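In: Sequence first, predicted model second:
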Amino acid sequence: MRHNPTVYLGAHGVVMLRISRSVWAATAAIALVGCNSSSGTQTTTDNSGGGATKVDGKALKVGIVFDSGGRGDKSFNDSAWDGISLAKKDFGIEEKSVDSKAEKDYEGNISTLAEQGCDLIFAVGFAQARAVTTVSKKFPNIKFAIIDAEVKADNVRSLLFSEEQGSFLAGYLGALTSKTGKLGFVGGKKIPLIEKFESGYIAGAKTANEKVEVLPSKYTESWDDTNLGKQMASVLFTQGADVVYHAAGRCGLGVINAAKESGKFAIGVDSNQDDQAPGFVLTSMIKRVDTAVYSTIKDVKDGKFTAGAKVYDLKSGGVGLSDFKYTKEKISPDALKKLDVVKQEIIDGKIVVPATSADLAKFKPTK
């Protein structure tokens, strides 16, 4: 079949003539930008070879604003980026990302992505709640998603996690593995979110062994000072802890370094951090931020985006432990069997894991 010559706009604004079938096939997928979604949006998939998801005939454009810890934390931010990267591979989305150096940058960064025509914008971290609240009102036709905070608006999805449930398993395994009977915890900022990690961890440890001692927790009040994380963990190891769990963002990499130098165990968080110090990370409490991000993009692609809170818990696979790739031989088979039992009891509602210090004070471990 003969194709008529077609004029189109090429790179740098150069007008070009498409005349051959081979050239037509090679250039059929053209990425278009500057698209805002609306209530009448129709989502289609480009089958011309690029595989790009399109909204109203334009490439689906997804933005993401990282928190102050930034990419490279091997944890929370990197997990969010993994979700973006997989969606880019599977759906051919166009992505735009912005790093934030301080909280004052959030609103400006989100606004910039909105002004650039993103269809969906992710805000990574609870600290961006105020910025998302403000910007989402100014851009009602753009969809937003915030991780670890609840923002109530018709165009915002809140991606929340049951961190206390996964942390319970971490504490349970830590107590069964400990030889000194002492555990430790290093948190980032002392806020309700991190309280969920701490409370679940302590409850799990006490359920495994009522006599286990969880030393007073250390807080870095930072998300990115790895040296401070290392110092805090080193104090706990010196005090007798042989397992220290962290929920401190990039600071946690310092906790893992301290575990390696001390010959003790760290427990990683958010992403699978077991390979950061093979053999010295007992396990990692994985929080599937990547899954939440990917699923939200897919929902927009499929025209199924809904606002409101979406919770990822143990039952849905939103939280859980890594697979003990480097430490399984150091964990008794009996401990692994017990771990499976308590996991199922949490899923079945037989164990209600405390998410606050007040609930922890009332928690009574089951036998």
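Out: Perfect, I can see it now. Residues are numbered from 1 along each chain as shown.
In: In the helix or strand hosting residue 136, which residues are buried?
Out: Using DSSP states H and E, residue 136 sits in helix 129-138. Neighbour-count burial for helix 129-138 flags 129, 131-133, 135-136 (criterion: 16 or more other C-beta atoms under 10 Å). From N, CA and C alone the C-beta is placed, and that goes for glycine too.
In: Touching the following helix or strand past that helix from outside, list them.
Out: On the C-terminal side of helix 129-138, the nearest following helix or strand under DSSP H and E is strand 143-147. Identification of contacts with strand 143-147 by C-beta atoms under 8 Å, 6 or more residues apart in numbering yields 37, 76, 80, 110, 119-126, 128-129, 132, 135-136, 151, 153, 155-159, 289, 292-293, 296, 300, 305.
In: circling back: for the buried residues of helix 129-138, give me CSV that also has distance to residue 145 and pLDDT.
Out: Listed next are those as CSV, based on distance: C-beta to C-beta, whole Å; pLDDT from 0 to 100:
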residue, distance to residue 145, pLDDT
129, 12, 97
131, 13, 98
132, 9, 98
133, 13, 98
135, 13, 98
136, 10, 98
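In: can you give me the helices in the stretch 201-350 of the chain?
Out: 226-238, 251-262, 289-301, 333-347 (DSSP state H, counting those that start in this stretch).
In: most packed of those helices?
Out: Most buried of those, by mean neighbour count (mean count of other C-beta atoms under 10 Å): helix 251-262, with a mean of 25.
In: name the helices or strands packed onto that helix?
Out: Judged by 3 or more C-beta pairs under 8 Å, 6 or more residues apart in numbering; DSSP states H and E, the packing partners of helix 251-262 are strand 182-187, helix 226-238, strand 243-247, strand 265-270.
In: Run through the neighbouring helices and strands of the helix holding residue 136.
Out: The contact analysis (3+ C-beta pairs under 8 Å, 6+ apart) places helix 129-138 against helix 106-115, strand 120-124, strand 143-147.
In: same thing but 6 Å
Out: helix 106-115, strand 143-147 (3 or more C-beta pairs under 6 Å, 6 or more residues apart in numbering; DSSP states H and E).
In: Quick check: which ranges of the stretch 1-150 of the chain have low pLDDT?
Out: By pLDDT under 70, the low-scoring segments of the stretch 1-150 of the chain are 1-57.
In: for it, what spans make up the strands?
Out: Ranges of strands in the stretch 1-150 of the chain, per DSSP state E, counting those that start in this stretch, are 6-9, 15-18, 43-45, 53-55, 58-59, 61-65, 94-98, 120-124, 143-147.
In: Provide a list of residues in contact with residue 327.
Out: residue 282 (C-beta atoms under 6 Å, 6 or more residues apart in numbering).
In: heads up, I number from 31, so please use that
Out: Done: numbering now begins at 31, and the last item shifts to residue 357.
In: that older thread, out of the helices and strands packed on helix 159-168, deepest packed?
Out: Counting by mean count of other C-beta under 10 Å, strand 173-177 has the highest mean neighbour count of those, with a mean of 28.
In: now that strand, how far from the centre of its chain.
Out: Remark: strand 173-177 is offset 13 Å from the chain centroid, using C-alpha atoms, centre = their mean, to the nearest Å.
In: neighbouring strands for that strand, and are they parallel or not?
Out: In the sheet, strand 173-177 lines up against strand 150-154 (parallel), strand 186-191 (parallel) (DSSP bridges).
In: what about residue 122, how many neighbours?
Out: 19 (other C-beta atoms under 10 Å).
In: any idea how far it lies from residue 187?
Out: Distance, residue 122 to residue 187, by C-beta to C-beta, to the nearest Å: 22 Å.
In: Repeat that for residue 94.
Out: Using C-beta to C-beta, we find residue 94 at a distance of 14 Å from residue 187.
In: Ok, residue 132 next?
Out: 25 Å.
In: So if I had to pick from these two, which one is more boxed in?
Out: Using other C-beta under 10 Å as the criterion, residue 132 and residue 187 rank with residue 187 on top: 25 against 8.
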